[in-house]
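**Student:** no sequence for this one, just the structure:
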């Protein structure tokens, strides 16, 4: 039963693959039995008008089971006239596909991936462009020690620590999307761990630091360039999650797709309709959509709109999408965010992120069933 934009996108996708696709029941409500029966009659009448139908496969996946029964009842007489009839059902919870034909039932196990990220998004009605290349990955690996140290840093709940200061300085250095190299950023650090981490960052050539003296431990910092400024201002969190997920996949020998900074745009839409996904994972036809914010809490004053994250995940990933919100801030709203269907990570959860990612994969040993 065709419901709108996504159905049209799937029709166009398969037509591009050389398949003949027809939509039925456009606008019909999938929960209305009478409209479901009318849609089934449309399908039967269409098939009867064909010269000959030797085989038919019924996909029983999706929709209310009562609607499925209405379809089967309406099509039963026609199906019996076919020489070969089979049906399939995708059990997403158990990760298997059930098939039945000639009074025999088969189970395809394990549930495997068979499409790319771009195909997956196209089927949802979106075009995509990944913003990450090998040079970006190499740079991330070169500063991985800094990234891990930032992720493992014990946060000050008031935000008066190095991470909070760097985020604040970056917000002052970028105006209307344009980076302004300003050497006058002055920060105060009271904790030894923050001062040591600042020195490490400086020693790696990521930031110019000048000690301003006592009584407060005051420093003047200068961002070397816009890319490093974005990294130190919060981009390090995306890198941490990216590298942790890739490392987990390598340890498990699982071949999934992990993309960073993916721009998604509705097919036929303009730039103003685009959204950027910080991190996207595709494994066994399931999608993980992640939003990362280094020092901002959900909602309010520039923070992430959790409802928007949930809505975007459903649009680009369908029913099998899971939204994650990752922050380096400290917060006490975890139960509220979970109630909206979002997996939520704050600073104290970062060391366990890889473990929870493996739980999402549902894999305990190596597999080469995804691409």
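**Tutor:** On my side now, so go ahead. Model, not experiment: these values are computed from the prediction.
**Student:** Figure out the helix or strand that residue 164 lives in.
**Tutor:** Of the helices and strands defined by DSSP states H and E, residue 164 is found in helix 162-173.
**Student:** Now do that helix: everything it contacts.
**Tutor:** Residues outside helix 162-173 that contact it (Cβ atoms under 8 Å, 6 or more residues apart in numbering): 150, 153, 155-156, 179-182, 185, 187-189, 194, 197-198, 221, 223, 229-230, 232-234, 294-295, 328. Placement of C-beta: from N, CA and C, glycine included.
**Student:** Swap in 6 Å and give it another go.
**Tutor:** The contact list for helix 162-173, computed with Cβ atoms under 6 Å, 6 or more residues apart in numbering, reads 180, 182, 185, 187, 194, 197-198, 223, 229, 232-234, 294-295, 328.
**Student:** That one: how far from the chain's middle?
**Tutor:** 27 Å (Cα atoms, centre = their mean, to the nearest Å).
**Student:** do the same with stretch 104-124
**Tutor:** On Cα atoms, centre = their mean, the centre of stretch 104-124 falls 17 Å from that of its chain.
**Student:** May I have the distance across that stretch, first residue to last?
**Tutor:** Using Cα to Cα, to the nearest Å, one end of stretch 104-124 lies 33 Å from the other.
**Student:** average pLDDT across it?
**Tutor:** Mean per-residue pLDDT for stretch 104-124: 80.
**Student:** Which residues does it contact?
**Tutor:** Contacts of stretch 104-124 (Cβ under 6 Å, 6+ apart): 10, 13, 95-99, 128, 257, 282, 284-285, 316, 318, 369-370.
**Student:** List buried residues within the contacts of helix 162-173.
**Tutor:** Buried residues within those, counting neighbours by 16 or more other Cβ atoms under 10 Å: 185, 187, 194, 197-198, 223, 229, 232-234, 294-295, 328.
**Student:** any chance of those residues in TSV, plus pLDDT, distance to residue 355 and secondary structure?
**Tutor:** Listed next are the buried ones among the contacts of helix 162-173 as TSV, based on pLDDT from 0 to 100; distance: Cβ to Cβ, whole Å; DSSP: H, G, I helix; E, B strand; the rest coil:
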residue	pLDDT	distance to residue 355	secondary structure
185	83	36	strand
187	88	33	strand
194	92	27	helix
197	95	24	helix
198	94	30	helix
223	88	34	strand
229	89	32	helix
232	93	27	helix
233	91	28	helix
234	91	23	helix
294	81	21	coil
295	66	24	coil
328	86	18	coil
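**Student:** Any chance of TSV for those residues, columns distance to residue 117?
**Tutor:** Shown next, in TSV, are these (distance: Cβ to Cβ, whole Å):
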residue	distance to residue 117
185	38
187	39
194	38
197	35
198	38
223	32
229	29
232	29
233	27
234	24
294	25
295	29
328	26
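**Student:** Ranking helices and strands of this protein by mean pLDDT, which lands last?
**Tutor:** The weakest-scoring helix or strand in the chain, judged by mean pLDDT, DSSP states H and E, is helix 334-339 (a mean of 51).
**Student:** what's the next secondary structure element after that helix?
**Tutor:** Per DSSP H and E, the first helix or strand lying C-terminal to helix 334-339 is strand 343-345.
**Student:** What pairs with that following strand, parallel or antiparallel?
**Tutor:** strand 321-327 (parallel) (DSSP bridges).
**Student:** now the helices for the protein?
**Tutor:** 5-16, 33-49, 65-81, 117-123, 134-142, 144-152, 162-173, 192-203, 226-230, 236-252, 306-317, 334-339, 353-361 (DSSP state H).
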